[in-house]
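S.K.: 3D model of this:
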Amino acid sequence: MSIGSILKIGLLIFALMLQTQDLVYTYDRNREIHFPDIHCQKNEHWLLLGQSGSGKTTLLHLLGGMLSVQKGSVKVANTELGKLSQAALDRFRGQKIGIIFQKAHFVNALTVEENLILAQKLAGLPIDKDRIAALLDHLNVNHKLKDKPRRLSIGEQQRVAIARALINRPAIILADEPTSALDDANCEEVINLIEREATEVGATLLVVTHDGRLKERFDKQISLVG
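M.R.: As a prediction, this is how the structure comes out:
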């Protein structure tokens, strides 16, 4: 093999931001889910499609380090999640993985700004209020900086949830059913927003959904069969 070929292979491996191999999750003896191998490179945008019961949520939780790997491996930015201690995994997830949940989960006693500060603290990163203000301004919700989450509209909550996922400039962004409850116009707006912001921070994006409207949007797709 030539030096050029070796260097090319090395660069491809280095560029992989999200990789799974032989991933299997077992709930009980009657339900064992085998997932396809995933290879997502830096800055790529992927769509993961699957109907209810196909294992979408389970896979997202495995990729995000919220479920422990039983068989196989999950690597994010060349780090194997299953080999990290719980404390190291929590910190790594906060720094490298941004998750946009279908339903926003905030600490309701805290303001929008304080929720984003909390995301920085949990990742072991310094507090950067300028970053928070700039990101919220970019998402047109900076005027809600001092508000509690319950005072936000659903659309505003979604934008703040996107800000929280992006605040630490993650290597990958996992979006869980971000458009399934939206009409066509809002579906288009939200997916535009997520893709734009992922590009802005240079993150690999994986949208997990059963929303067929997004099929034409993404060239790179993974399908789960229930």
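S.K.: Show me which helix or strand of the chain is least confident by mean pLDDT.
M.R.: Least confident helix or strand, the chain: helix 3-15 with a mean of 49, by mean pLDDT, DSSP states H and E.
S.K.: so how far is the following helix or strand past that helix from its chain's centroid?
M.R.: Toward the C-terminal end, the helix or strand that comes next after helix 3-15 (DSSP states H and E) is strand 16-28. Averaged C-alpha coordinates place strand 16-28 at 16 Å from its chain's average position (CA atoms, centre = their mean, to the nearest Å).
S.K.: Parallel or antiparallel, list what pairs with strand 16-28.
M.R.: Next to strand 16-28 in the sheet, as set by DSSP bridges, lie strand 31-34 (antiparallel), strand 38-41 (antiparallel), strand 71-76 (antiparallel).
S.K.: so for the host helix or strand of residue 119, what's the average pLDDT?
M.R.: Here residue 119, judged by DSSP H and E, is contained in helix 112-122. For helix 112-122, mean pLDDT rounds to 96.
S.K.: Kindly spell out which helices and strands sit in contact with it.
M.R.: Counting contacts by 3 or more CB pairs under 8 Å, 6 or more residues apart in numbering; DSSP states H and E, helix 112-122 packs against helix 86-96, helix 129-138, helix 154-166. All C-beta spots, glycine's among them, are computed from the backbone N, C-alpha and C.
S.K.: Among the ones you listed, which comes closest to residue 121?
M.R.: Smallest distance to residue 121 across the helices and strands packed on helix 112-122 (CB to CB): 8.8 Å, for helix 86-96.
S.K.: For the residue nearest to residue 94 when sequence neighbours are not counted, give me its contacts.
M.R.: Leaving aside its chain neighbours, residue 94 sits nearest to residue 123 (2.9 Å; criterion: CB to CB, 6 or more residues apart in numbering). By CB atoms under 8 Å, 6 or more residues apart in numbering, the contact set of residue 123 is 91, 94-95, 168.
S.K.: any low-confidence regions in the protein?
M.R.: 1-14, 226 (pLDDT under 70).
S.K.: residue closest to the middle of it?
M.R.: residue 174 (1.8 Å; CA atoms, centre = their mean).
S.K.: Tell me what that one is bridged to.
M.R.: Applying DSSP bridges, one finds that residue 174 bridges with residue 99, residue 206.
S.K.: and if you look at residue 79?
M.R.: Taking DSSP bridges as the rule, residue 79 bridges to residue 76.
S.K.: I figured it was touching residue 91, is that so?
M.R.: No. Taking contacts as CB atoms under 8 Å, residue 79 lies outside contact range of residue 91: 11.4 Å.
S.K.: Which element, helix or strand, includes the residue nearest to residue 91 when sequence neighbours are not counted?
M.R.: Once flanking residues are discounted, residue 91 sits nearest to residue 124: 5.0 Å by CB to CB, 6+ apart. Taking DSSP H and E as the definition, one finds residue 124 inside no helix or strand.
S.K.: Tell me which of the helices and strands packed on helix 112-122 is the most buried.
M.R.: helix 154-166 (a mean of 22; mean count of other CB atoms under 10 Å).
S.K.: That one - contacts with which helices or strands?
M.R.: Packed next to helix 154-166, using 3+ CB pairs under 8 Å, 6+ apart, are strand 97-100, helix 112-122, helix 129-138, strand 172-176, helix 184-201.
S.K.: Convert the fourth one to PDB, retaining C-alpha atoms only.
M.R.: Translated: strand 172-176. Provided in PDB are the C-alpha atoms of strand 172-176 (Å, rounded to 0.1, in the frame of the first residue of the first chain):
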ATOM      1  CA  ILE A 172     -22.200  15.900  16.800                       C
ATOM      2  CA  ILE A 173     -25.800  17.000  17.200                       C
ATOM      3  CA  LEU A 174     -28.600  14.400  17.700                       C
ATOM      4  CA  ALA A 175     -32.100  15.800  16.900                       C
ATOM      5  CA  ASP A 176     -34.900  13.600  18.200                       C
END
